[in-house]
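**Student:** fold the following, please.
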Amino acid sequence: MFITDFDGVIIDGMDEYWWSARRCAIRLDSRLGTLPDAVPEMFRSLRPHVLGGWEMPLLAASIGGLGPSPQAFAAAYGPSLQQAVADLGWDRSVAEEALDEVRTDAVRHARQSWLALHRPYPWMLAFLLRLQAEGTPWRVLTTKSAAFTAELLANHGLEPEQVHGREDGPKPAVLASLLPSLPPEATVPFVEDRLASLLEVRQHPDLSHVRGFLASWGYLLPGDIDRAPDPIQVLHPEDLQAPLANW
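**Tutor:** Okay, the predicted model is just below:
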């Protein structure tokens, strides 16, 4: 079995993140109507800090001159996020609701153009299509909803054995639920672009059979590749050309 994260590993959703974050921020405060259509580099650099989608409109507001500055977010993300909530009055529920409305409207009125904002990494797409052709089972483990993720995958001809979404719970718990069905000696490759998630998996003794791989092309924080400890292995696009059995 092969297990992979979705955002930043299979799909580059940066264009969609900014598209939705910008519209959400403008919906919450019309003064942000001057935000650029193209993804600002500061948003791109701050994206790896994001733990929940609701945080993205606050980053957009920061780039638009409201709340803490982007430099403050870069220096101290957590405290700046709390300050932004206080300054803007957008708590998690407000931001989540507005973001959901933006995406729901897009799906309802411009579904194909919105789906096209999610671009697969070509090397990962080719690798997963090869697994399918070989009959090798693979699964997706993501914090997005399973149904939404499955639709995006199907849009590119990808049909995993199963998609485990946010509805299934924390990633370590999902991984632990899968291991009993495998042979005792089996090793499960798990590809992530978030080093903190791989380190969390390592803290669970019952997940010793899960071998973590850090996707070098994902939404990485500066220094993540250098900080990745053994046995976590940094995965590069060219590594995907090797048979899975050789990993």
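**Student:** okay, now the sheet partners of the helix or strand hosting residue 234, with direction.
**Tutor:** If you go by DSSP states H and E, residue 234 is part of strand 233-235. Partner strands and pairing direction for strand 233-235 (DSSP bridges) are strand 210-215 (parallel).
**Student:** pull the residues that contact the strand it pairs with.
**Tutor:** 3, 5, 8-9, 175, 179, 187-193, 195, 198, 201-202, 220, 224-225, 228, 231-235, 247 (Cβ atoms under 8 Å, 6 or more residues apart in numbering). No exception for glycine: its C-beta is placed from N, CA and C like everyone else's.
**Student:** now intersect the residues you listed with the helices, please.
**Tutor:** 175, 195, 198, 201-202, 224-225 (DSSP state H).
**Student:** from these, which would you call buried?
**Tutor:** For the ones in helices among the contacts of strand 210-215, a burial check counting by 16 or more other Cβ atoms under 10 Å picks out 175, 195, 198, 201, 224.
**Student:** CA atoms only: put stretch 107-115 into PDB for me.
**Tutor:** Extracted as PDB, the C-alpha positions of stretch 107-115 are listed here (Å, rounded to 0.1, in the frame of the first residue of the first chain):
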ATOM      1  CA  VAL A 107     -18.500  25.400  -7.800                       C
ATOM      2  CA  ARG A 108     -22.100  26.300  -8.600                       C
ATOM      3  CA  HIS A 109     -21.400  29.000 -11.200                       C
ATOM      4  CA  ALA A 110     -17.900  28.300 -12.600                       C
ATOM      5  CA  ARG A 111     -17.100  24.700 -11.700                       C
ATOM      6  CA  GLN A 112     -14.700  23.800 -14.500                       C
ATOM      7  CA  SER A 113     -12.700  27.000 -14.400                       C
ATOM      8  CA  TRP A 114     -12.500  26.700 -10.600                       C
ATOM      9  CA  LEU A 115     -11.400  23.100 -10.800                       C
END
